[in-house]
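S.K.: next one to model:
(chains A and B)
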Amino acid sequence: MAVESRMDKIVGLCKRRGFIFQSSEIYGGSNGFWDYGPLGVELKRNVRQAWWADMITLHDELTVQPGAPSTFDMTGVETSIIMHPQVWKVSGHYDLFCDMMVDCRACKSRFRADHIQSSQCPQKPSKCPGEHDSCQLTDPREFNLMFKTTLGAMGTEADAAFLRPETAQGMFVNFKNVCDSSRVKIPFGIAQIGKSFRNEITPRNFTFRSREFEQMEMEFFCHPSHSLAWYQYWRDRRYNWYINLGISKANLILREHAKEELAHYSVGTADLEYAFPFLGPGEYGELEGVAHRGDFDLRSHSEGKLKKEGESLVVEQGADGKPKYAGSGKDLSYFDDQTRERFIPHVIEPAAGCDRATLAFLCEAYYEDEQPDEKGVMQSRVVLRLHPRLAPIKVAVFPLIKKEGMPEKAAELYRDLKQAGIAAAFDQQAAIGRRYRRMDEIGTPYCVTIDGETMTAGTVTVRDRDTLEQIRLPMNEVVGYVQGKLRG
RNA sequence: GCGGGCGUAGCUCAAUGGUAGAGCUCCAGCCUUCCAAGCUGGUGGUGUGGGUUCGAUUCCCAUCGCCCGCUCCA
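M.R.: Predicted coordinates:
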């Protein structure tokens, strides 16, 4: 058996301490689905909250943000997971995700059934798949990356609906509703956090590629002539969000897509990628894509599914000469009453994976170091150096020993912290050193210990997770101290 | 989905065609005045379903899950 890898240790810690479990584990597990445990749910909530606060709650619409072309508005929505089936036809997901596919058992390649005639056999490029002697093609099989369900108890194929493969369409189809109801003016953004579903062929690498996952997406609508500047603004701002929450610059890269790599509608896309431990040296996994989507989405939902023809996007025609998938027919243009100009806004989309961000923060935080025990012998220590704002528990309170009134005093402080809205823990079980280690392993940044001096002088020690240094504070200053650390 | 490897306790690892053990963790008690201490006791396991057999954790089949490669993406 090989030495346990860093990733194995992180996965083990996640299970051991209740961050992440495999879904339906007692029944043998369900591939590509994950459950967040008591600590994991807090960590992920904190990731979500950090994103939402940055995007919405703390956004200052009166001040020009550093690096931004102008002031802007931010709003949020929460839209349904099952949408009108036409949404996915117009967005392109239906065609992209619902193909009939043919596999070749000989060369292990997969081809779209309707593209066989124009594809090359990997073993003999001059021939089509199936024409080479050794080819062993399967029958065409439905290869559906969207989860299908049916509407209504008697649902037939005509009632087929899909679980959303991304949250973005919820913002596009509500563009007009938000404009009409919230007095926002362009430029502005609509943000949403929610579950999305993709029937991934090969879920892999812990929670990195799951079939059910949570996205944190924002669609930013702006004037076409300013779109490039906004693209650059959001790309850099999103990079800094991760850095400010503790991701090191050594492990995070901002990678601009090459022109060939861009989606059919995109003018520019950058990926924020993290050096996950399960990847090889120099390899990175995508945390977030920041895409310049032009006017593709709003035009599609207005006119019908678009395809690229030369340099422009045109409505894709069916065999009958009508649009292959009709749009809503609603006018999704925007009228600027200052400049008296009507235009279809361009869209900048930072689309982040919440589970991926959570996993990256966990990976980044995982450390093993050596600390002396009470006899001065070096012992290995596992510590999660999570940013205090992300830590599931912010502060733990310990009575040094289980008598002389210390547990009662500790409970008093614990209650004060809870009253102040701080996630606090109380532990009087086992030796003090063990309690510190337990908290290190789940990333609790501060441990407060009630000792003999607390009983006489009213002071406590506050021990720092990363430095192990202790300071003495009056007990009634602990709440303010922790609040200050969480703010800074 | 295809090909290869792997499934014994929460973790690390034993053993066996005939009652599955240990260390650590965890829980309870005692002790303990600052970094996984000590003592006592306790919980807990052969992924799942079939087959062969008097008897299967062990042999066979299937299935599920995990890891690696193809593939895909937030």
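
S.K.: now residue A:274: closest residue in space, sequence neighbours ignored.
M.R.: residue A:360 (4.5 Å; Cβ to Cβ, 6 or more residues apart in numbering). C-beta here means a position set from N, CA and C on the backbone, and glycine is covered the same way.

S.K.: which residues sit in contact with the one you found?
M.R.: A:242, A:247, A:274, A:276, A:287 (Cβ atoms under 8 Å, 6 or more residues apart in numbering).

S.K.: now do the SS call for it.
M.R.: Classification of residue A:360 using DSSP: H, G, I helix; E, B strand; the rest coil returns helix.

S.K.: quick one, longest helix in chain A?
M.R.: Assignment by DSSP state H gives helix A:227-244 as the longest helix of chain A.

S.K.: counting contacts, what elements does that helix pack onto?
M.R.: strand A:212-222, strand A:252-256, strand A:268-274, strand A:285-294, strand A:346-353 (3 or more Cβ pairs under 8 Å, 6 or more residues apart in numbering; DSSP states H and E).

S.K.: those: which one's closest to residue A:425?
M.R.: Closest to residue A:425 of the helices and strands packed on helix A:227-244 is strand A:212-222 (Cβ to Cβ; 26.0 Å).

S.K.: quick one: residue A:78 and residue A:18, what's the gap?
M.R.: 27 Å (Cβ to Cβ, to the nearest Å).

S.K.: ok, now how distant is residue A:415 from residue A:479?
M.R.: Taking Cβ to Cβ as the measure, residue A:415 falls 11 Å from residue A:479.

S.K.: between the two, who's got more neighbours?
M.R.: Comparing residue A:415 with residue A:479 by other Cβ atoms under 10 Å, the one with more neighbours is residue A:479, at 19 against 13.

S.K.: what about the closest residue to that one other than its chain neighbours, neighbour count?
M.R.: In space, and not counting its chain neighbours, residue A:479 is closest to residue A:420: 4.7 Å by Cβ to Cβ, 6+ apart. Residue A:420 sits with 13 neighbouring residues when counted by other Cβ under 10 Å.

S.K.: touching, residue A:420 and residue A:481? I think so.
M.R.: No - applying Cβ atoms under 8 Å, one finds residue A:420 not in contact with residue A:481, separated by 11.1 Å.

S.K.: which parts of the stretch 101-250 of chain A are strands?
M.R.: A:109-112, A:141-144, A:148-150, A:160-162, A:188-197, A:212-222 (DSSP state E, counting those that start in this stretch).

S.K.: same question for the longest one, mean pLDDT?
M.R.: Think strand A:212-222. The average of the pLDDT scores along strand A:212-222 is 96.

S.K.: can it be said to contact RNA strand B?
M.R.: Yes - on the criterion Cβ under 7 Å from any atom of the strand, strand A:212-222 is in touch with RNA strand B at A:213, A:215.

S.K.: relative orientation of that strand and helix A:227-244 in degrees?
M.R.: Relative orientation of strand A:212-222 versus helix A:227-244 (axes from the mean of the first three to the mean of the last three Cα atoms, to 10 degrees): 140 degrees.

S.K.: paired strands for strand A:212-222, with orientation please.
M.R.: Here strand A:212-222 is paired, per DSSP bridges, with strand A:188-197 (antiparallel), strand A:346-353 (antiparallel).

S.K.: mean neighbour count added to the strands of the stretch 101-250 of chain A, as JSON lines?
M.R.: As requested, these are exported to JSON lines (neighbours: other Cβ atoms under 10 Å):
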{"stretch": "strand A:109-112", "mean neighbour count": "17"}
{"stretch": "strand A:141-144", "mean neighbour count": "14"}
{"stretch": "strand A:148-150", "mean neighbour count": "13"}
{"stretch": "strand A:160-162", "mean neighbour count": "18"}
{"stretch": "strand A:188-197", "mean neighbour count": "21"}
{"stretch": "strand A:212-222", "mean neighbour count": "24"}
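
S.K.: so for residue A:44, which of those strands sits nearest?
M.R.: Residue A:44 lies closest to strand A:212-222 among the strands of the stretch 101-250 of chain A, at 7.8 Å (Cβ to Cβ).

S.K.: let's see the closest one as PDB, backbone CA atoms only.
M.R.: Provided in PDB are the C-alpha atoms of strand A:212-222 (Å, rounded to 0.1, in the frame of the first residue of the first chain):
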ATOM      1  CA  GLU A 212     -25.500  17.400  -7.900                       C
ATOM      2  CA  PHE A 213     -23.600  20.500  -7.100                       C
ATOM      3  CA  GLU A 214     -24.100  24.100  -5.900                       C
ATOM      4  CA  GLN A 215     -23.300  27.100  -8.000                       C
ATOM      5  CA  MET A 216     -22.700  30.700  -7.100                       C
ATOM      6  CA  GLU A 217     -23.400  32.600 -10.300                       C
ATOM      7  CA  MET A 218     -23.800  36.200 -11.200                       C
ATOM      8  CA  GLU A 219     -24.900  37.700 -14.500                       C
ATOM      9  CA  PHE A 220     -23.700  41.200 -14.900                       C
ATOM     10  CA  PHE A 221     -25.500  43.300 -17.500                       C
ATOM     11  CA  CYS A 222     -23.700  46.200 -19.100                       C
END
